[in-house]
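Enquirer: Below are the sequence and a predicted model for it; my questions follow.
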Amino acid sequence: MKDRKPIRLIASDLDGTLYHGAQELGKMTPANRDAIIRWKDAGNRFLIATGRRACTREEIIRDYAVDCDIIACNGAKVILNDQLLWSREVMPPELNELCDLCEPFRDELDFVLDIDITERITYQADSLIQKRFPEDLYLRQVRDYLNQPQTAYPNKIFMILADPARLPFFLDYFGKHFQGRLAVTSSGPDLVEMSCAGCSKGAALLEILDRLGLDRKQAAAIGDEQNDLDMLQSIPYGFAMNSARPAIKAQVPYSVDSVHDLIDACLRYNAACEQPSAANDRNFPENFRSSHTSIY
């Protein structure tokens, strides 16, 4: 154990990961919340890595009394130590192009601009976004928004498809058109997400580790979707949720049932690092390879 360093940072996706297992969709289970508190009380960092907007951090602090750093909008906006590290926006030229590209497919998709404001700005009125999220406020469409000078543009585009079978087509369609300008990924079977080229959860996590002076082996990350993959593959201890699709788990070294299981395993591992003679788990993360991951 002398050559092993304690894990000091855990990065977790939200939807399908930290928000997995609760009776109400989009909520954190008490087990996950309590595990985060134990982790932070031990002097470690907990980082949210999500495709959602940065204002999600304020909601987590308010609803769960959990203060954490955040990689928002798939790495396009990052808050560390209560400070904004960067905010990379998709600008009007690409947004106007996107509207033009979507015109032939109005019956197949809709998208929203992910900006930290109360109003939700959609490509179309009374379309897929509003049906999926009827509680949000919708007053304007994207072209109307772009026709006026603005002080804020989206960190990310969030798109919903009417037919999940069309996801591969649209990932290829938008990916080829915006190659080198926008990063195109997916966070679900009917979801397409776009942000500035170079933005990703993995790139943001590595930058954060560098700023904190942490080795890659001092971090663990967990997620369940395509937009999590580069983060899970960027460090040695990347975990997929066991509930993730087989195609996702097949690309990640380890898997685990829940965030609280991962946190408790990391706490046991850290104790073993600090007290090698103690009866703690010394086999992290290899134990997950044999007991949880189906591809080995």
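Expert: Structure's in. What do you need? Residues are numbered from 1 along each chain as shown.
Enquirer: C-alpha only now, for contacts and for neighbours.
Expert: Fine.
Enquirer: So which residue is dead centre in the protein?
Expert: residue 50 (2.4 Å; Cα atoms, centre = their mean).
Enquirer: Surely it is in contact with residue 74?
Expert: Yes: with contact defined as Cα atoms under 8 Å, residue 50 counts as touching residue 74 (5.8 Å).
Enquirer: hey, what's residue 237 bridged with?
Expert: residue 220 (DSSP bridges).
Enquirer: circling back to that earlier point, quick check: neighbours shared by residue 50 and residue 74?
Expert: residue 201 (Cα atoms under 8 Å, 6 or more residues apart in numbering).
Enquirer: mind listing what residue 15 touches?
Expert: 26, 50.
Enquirer: where's it relative to residue 28, distance?
Expert: 10 Å (Cα to Cα, to the nearest Å).
Enquirer: and the residue nearest to the centre of the chain, what does it touch?
Expert: With Cα under 8 Å, 6+ apart, residue 50 has these contacts: 12-15, 70-75, 201.
Enquirer: rerun at 6 Å
Expert: 13-14, 72, 74 (Cα atoms under 6 Å, 6 or more residues apart in numbering).
Enquirer: From the residues you listed, pick the one nearest residue 58.
Expert: Closest approach to residue 58 among the contacts of residue 50 (Cα to Cα): residue 72, at 12.0 Å.
Enquirer: Settle this for me: the closest one is touching residue 53, isn't it.
Expert: Yes: between residue 72 and residue 53 there is a contact at 5.5 Å, judged by Cα atoms under 6 Å.
Enquirer: Compare these two and say which one has the larger neighbour count.
Expert: residue 72 (27 against 21; other Cα atoms under 10 Å).
Enquirer: in the sheet, who's paired with the more buried one?
Expert: Applying DSSP bridges, one finds that residue 72 bridges with residue 77.
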